[in-house]
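Q: quick one: sequence and predicted model below, then my questions.
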Amino acid sequence: MNPTSTSPTHRIFTPYQKFIVAVLAFLQFTIILDFMVLSPLGAILLPELHISTSQFGLVVSAYAFSAGASGLLAAGFADKFDRKKLLLFFYGGFVLGTLLCGIAPNYHFLLMARVITGMFGGVISSVSFAIITDLFSMEVRGRVMGFVQMSFSASQVLGLPIGLYLANLWGWHAPFLLIVGLCILVGIAIIIYMRPVDAHLKMQTDKNAFIHLYHTATNFTYAKAFAATVFLATGGFMLMPFGSAFAINNLGLTLEQLPLLYMITGIFSIVMGPLAGKLADNIGKYKVFMMGSIITIAIVIYYSNLSVTPFGVIVVLNVILFAGIAARMISSSALITGVPEARERGAFMGINSSIQQISGGIASAVAGVIVFQTPDGKLENYPMLGYVVATTSVITIILMYFLAQYVNQKYDCTKSSLTSQSEETPVPPVITAQE
């Protein structure tokens, strides 16, 4: 498939499509912020709730594991309902869980609240990706993913400092209540302005949700996409948990320099996300994925073998590393959306999201086994972690190559058929009629 051969109409977003991109980006921002804000609050929660580090670790992991489990359980039902209604249902549950976090009086209440938040929050991303796949053609999904996934960087740059400031000012409950307020605004916008997303309901063949889940999970082509997701998550989650400790104890950064490093990296990531998405649409999603992977492999191997390093060099390396990671994640997400058939998109995205969550949790645990801290605080075996991440990246390049071949052939065949229903239509007819 030649990604540059599309007509101009496929390149222009309607006002409604721009609204969808914006609202899904803000929605993802609230979900990611809710997940990320908890870790920096550890220094406040440990003494206030009188809990141990292992108990705090359980609070953090409770979200990920409940999200993975609920995503898998809900996958069979994901194609049985209007995606707007499904999105509002799970977003409402997510808001409830976050509100419970904001009023939690003790550890056990907070743990229960994080489980509820994860149960609902873990499904939202998969529903959002299914909506993107339904409403946007393959030619523009890279830039759509670039804008939506820009929310990760935005939460790092804008959300975390504000959340920590409110926590220091009014207590650790305040960041969660702030997120609830933002979620209510996003929810109102979805209720009022988002149209039903239900074209897939006419394509359903499996009456039973569990049979639908089974058929999706056992599809051999889908299995290759799930395998690619496993290795993608492995690479990301292995380095993330120990990045701060390695920067301070091995590279020689101070605690004062660490927030500045994250802020600079986050600002560049906000800019690079949409650029990576546009590049993926223009020259090809697999090409961008491969280039991003090569950059990531080179920087990870070099970075993980460093000792004490000047702050400026660390900033440059991190900016380049996150540019590679952004190129990988955005292009792979856009490419993977082209794998499932329209009638199975919801189930596929649900399974894929659950696999990502669970694989990430396992990868973090494995990384904890590989790396250990010496009495002087330095991390040992971090280079080995870098080599493992590089190896998983090479495997992912191979898996994504076969997926790209399948997706390109699938969409080329769809374009060449004048009588079959095209999956390349950017929006359902109801949208173009109302614009």
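A: It's in.

Q: only C-alpha atoms for contact and neighbour calcs from this point on.
A: Fine.

Q: which strands or helices does the biggest helix by length in the chain pack on?
A: Longest among the helix segments of the chain by residue count, using DSSP state H, is helix 382-416. Counting contacts by 3 or more C-alpha pairs under 8 Å, 6 or more residues apart in numbering; DSSP states H and E, helix 382-416 is packed against helix 220-239, helix 285-304, helix 311-336, helix 345-370.

Q: indicate which one of the ones you listed is closest to Pro196.
A: Taking C-alpha to C-alpha, helix 345-370 is the member of those nearest to Pro196, at 14.8 Å.

Q: any idea how far that closest one is from the chain center?
A: Its chain's C-alpha centre and that of helix 345-370 lie 11 Å apart, by C-alpha atoms, centre = their mean, to the nearest Å.

Q: okay, buried residues for that helix please.
A: Neighbour-count burial for helix 345-370 flags 345-361, 363-364, 367 (criterion: 16 or more other C-alpha atoms under 10 Å).

Q: okay, the residue nearest the centre of the chain: pLDDT?
A: Of all residues in the chain, the one closest to the mean position by C-alpha atoms, centre = their mean is Gln149, 6.7 Å from it. With respect to pLDDT, Gln149 scores 80.

Q: do Ser417 as well
A: 51.

Q: again with Thr98
A: So Thr98 comes in at 94 (pLDDT).

Q: so that it lines up with my notes, have the first residue be 719 from now on.
A: Will do, 719 is the new start, and the previous item becomes Thr816.

Q: wait, what's in contact with it?
A: Counting by C-alpha atoms under 8 Å, 6 or more residues apart in numbering, Thr816 touches Asp752, Ala831, Arg832, Thr835, Phe894, Leu895, Ile897, Val898.

Q: separate out the buried members of those residues.
A: Asp752, Ala831, Arg832, Thr835, Phe894, Leu895, Ile897, Val898.

Q: okay, and which of those residues map to helices?
A: Secondary structure from DSSP H places Asp752, Ala831, Arg832, Thr835, Phe894, Leu895, Ile897, Val898 of these in helices.

Q: so what's the fifth one closest to, chain neighbours aside?
A: Of all residues not flanking Phe894 in the chain, Gly820 sits nearest, at 4.9 Å (C-alpha to C-alpha, 6 or more residues apart in numbering).

Q: now do the fourth one
A: Leaving out its chain neighbours, the residue that sits closest to Thr835 by C-alpha to C-alpha, 6+ apart is Gly815, at 4.3 Å.

Q: quick check, that neighbour in a helix?
A: Yes - Gly815 sits within a helix when classified using DSSP: H, G, I helix; E, B strand; the rest coil.

Q: do I have it right that it meets Ile834?
A: Yes - if you go by C-alpha atoms under 8 Å, Gly815 and Ile834 touch, sitting 5.2 Å apart.

Q: so, low pLDDT: which residues of the stretch 719-868 of the chain?
A: For the stretch 719-868 of the chain, applying pLDDT under 70 flags the ranges 719-730, 757-758, 760-761, 771-772, 775.

Q: and Gly889, what are its phi and psi?
A: Torsion angles at Gly889 (phi, psi; degrees, to the nearest 10) stand at phi 110, psi 170.

Q: just the helices in the stretch 719-868 of the chain please.
A: For the stretch 719-868 of the chain, helices defined by DSSP state H, counting those that start in this stretch occupy the ranges 733-754, 760-767, 771-793, 801-821, 825-853, 859-866, 868-872.

Q: just put the contacts of Thr816 in TSV and tack on distance to Gly1002.
A: Listed next are those as TSV, based on distance: C-alpha to C-alpha, whole Å:
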residue	distance to Gly1002
Asp752	33
Ala831	42
Arg832	39
Thr835	37
Phe894	40
Leu895	42
Ile897	36
Val898	38
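
Q: specify which member of these is nearest to Arg1046.
A: With C-alpha to C-alpha as the yardstick, the closest approach to Arg1046 among the contacts of Thr816 comes from Asp752, at 23.9 Å.

Q: residue contacts, the closest one?
A: So Asp752 contacts Thr816, Phe894, Ile897 (C-alpha under 8 Å, 6+ apart).

Q: the spatially closest residue to the last one that is not a sequence neighbour and Gln773, how far apart?
A: Which is Ile897. In space, and not counting its chain neighbours, Ile897 is closest to Thr748: 6.2 Å by C-alpha to C-alpha, 6+ apart. According to C-alpha to C-alpha, to the nearest Å, Thr748 and Gln773 sit 25 Å apart.
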